[in-house]
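J.: coords below, sequence missing:
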C-alpha cells in the first residue's frame, strides 16, 4: 500500500479535509458523524510506494516504475451506518460490493 496518498473528505471542496489514510500506524484523529462524506482510495504497488509526480503536477508514478493500481469509493455516514455512494447500478448501497 502507498502511504503517499490518502482518501479525503468531500464537502464544499471535493478534495477537502479530513485526510483518510489507508495504512497502519497513521496519525489520523477524529470521528466521522452522520452527514459526513468521504472517500477511500487505496493504492497498491508491486514495487516501492515512493512517488514521483509528472510535470503536469497531477499524474503520479512510483519511483521504480512498477505497476500500481488505485480505486476509489465514496461513502456517506448515516445514522444507521453508511451508504456507498459509488456502488454499481442495482447493487446494495449499504454493503461493500463484490468484485469479479
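T.: Ah, there it is. Given the structure is predicted, the values throughout are model-derived calculations rather than measurements. Residues are numbered from 1 along each chain as shown.
J.: tell me which residue lies farthest from the centre of the protein.
T.: The centre of the chain is farthest from one residue, residue 55, which by CA atoms, centre = their mean lies 23.2 Å away.
J.: now name the helix or strand holding that one.
T.: Under DSSP states H and E, no helix or strand contains residue 55.
J.: again, but for residue 52
T.: For residue 52, the element it lies in under DSSP H and E is strand 51-53.
J.: tell me the average confidence for that strand?
T.: Mean per-residue pLDDT for strand 51-53: 84.
J.: how about it: buried residues?
T.: Neighbour counts over strand 51-53 (16 or more other CB atoms under 10 Å) mark residue 51 as buried. For glycine as for every other residue, the C-beta is placed from the backbone atoms N, C-alpha and C.
J.: what's it packed up against?
T.: Applying 3 or more CB pairs under 8 Å, 6 or more residues apart in numbering; DSSP states H and E, one finds that strand 51-53 contacts strand 60-62.
J.: give the other helices and strands that the strand it packs on contacts.
T.: Partner elements for strand 60-62 (3+ CB pairs under 8 Å, 6+ apart): strand 51-53.
J.: each with direction, which strands does the strand it packs on pair with?
T.: Using DSSP bridges, strand 51-53 pairs in its sheet with strand 60-62 (antiparallel).
J.: next one: the strand it pairs with to chain centre, how far?
T.: Centroid separation for strand 60-62 versus its chain: 16 Å, with CA atoms, centre = their mean, to the nearest Å.
J.: which residues are in contact with stretch 56-69?
T.: The contact list for stretch 56-69 (CB atoms under 8 Å, 6 or more residues apart in numbering) reads 2, 4-5, 43-54.
J.: now do stretch 18-30: distance to the chain's middle.
T.: For stretch 18-30, the distance to the chain centre is 11 Å (CA atoms, centre = their mean).
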